[in-house]
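In: here's my sequence, what's the structure:
(one chain, ligands or ions: 1)
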Amino acid sequence: MYCTQCGKEIRDLDRFCGQCGVATGVDGPGAGPTYYGPPAGPPKKLMLSRTDRKVGGVCAGFADYLGWDVTIVRLLFLCGVVYSVGLALVAYLIAWIVIPVPPLTYAPQVVSGVPATRPA
Ligand SMILES: [Zn+2]
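Out: Purely as a prediction, here's the structure:
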């Protein structure tokens, strides 16, 4: 914003103009640094997947953590295995050992109980 007195550009949270010293009207608890980050909440933890695993659930766990499609993660992993001459497999095993398995109550897969039906 700009000073109403002298027209000099001032920061939104400045209480006074640095040029002429006129009060900007910014005051109170709103003045000062404002947090614009993501809303507070429990941070997402990287976990192995219980519900969507091919081997150890590492790819599905990463996909869930990153919000990516698990197929993309698996394809990237397979490309990594090819290009790293198997080193990615070692990384997979380490990740499988290191990344915790979620407890059974963690984000349970909701099963509707309605059997899947094929359209006629
Ligand atoms: Zn001013």
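In: how close does Gly25 get to the ion?
Out: 13 Å (C-beta to the ion, to the nearest Å). No exception for glycine: its C-beta is placed from N, CA and C like everyone else's.
In: for the longest helix along the chain, name the packing helices and strands.
Out: When the chain is scanned for its longest helix (criterion: DSSP state H), the result is helix 70-83. Contacts defined by 3 or more C-beta pairs under 8 Å, 6 or more residues apart in numbering; DSSP states H and E place helix 70-83 against helix 58-66, helix 87-98.
In: which residues of the protein lie near the ion?
Out: Applying C-beta under 5 Å from the ion, we find that the chain lies next to the ion at 3, 5-6, 8, 17, 19-20.
In: of the residues you listed, buried ones?
Out: Burial by neighbour count, judged by 16 or more other C-beta atoms under 10 Å, picks out 3, 17 from the residues of the chain next to the ion.
In: turn the residues of the chain next to the ion into CSV, columns for secondary structure and pLDDT.
Out: Shown next, in CSV, are those (DSSP: H, G, I helix; E, B strand; the rest coil; pLDDT from 0 to 100):
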residue, secondary structure, pLDDT
Cys3, coil, 84
Gln5, coil, 86
Cys6, coil, 91
Lys8, coil, 88
Cys17, coil, 85
Gln19, coil, 87
Cys20, coil, 89
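In: report pLDDT for the residue nearest the centre of the chain.
Out: The chain has Leu66 as the residue nearest its centroid, 6.1 Å off, counting by C-alpha atoms, centre = their mean. At Leu66, the predicted lDDT confidence score is 92.
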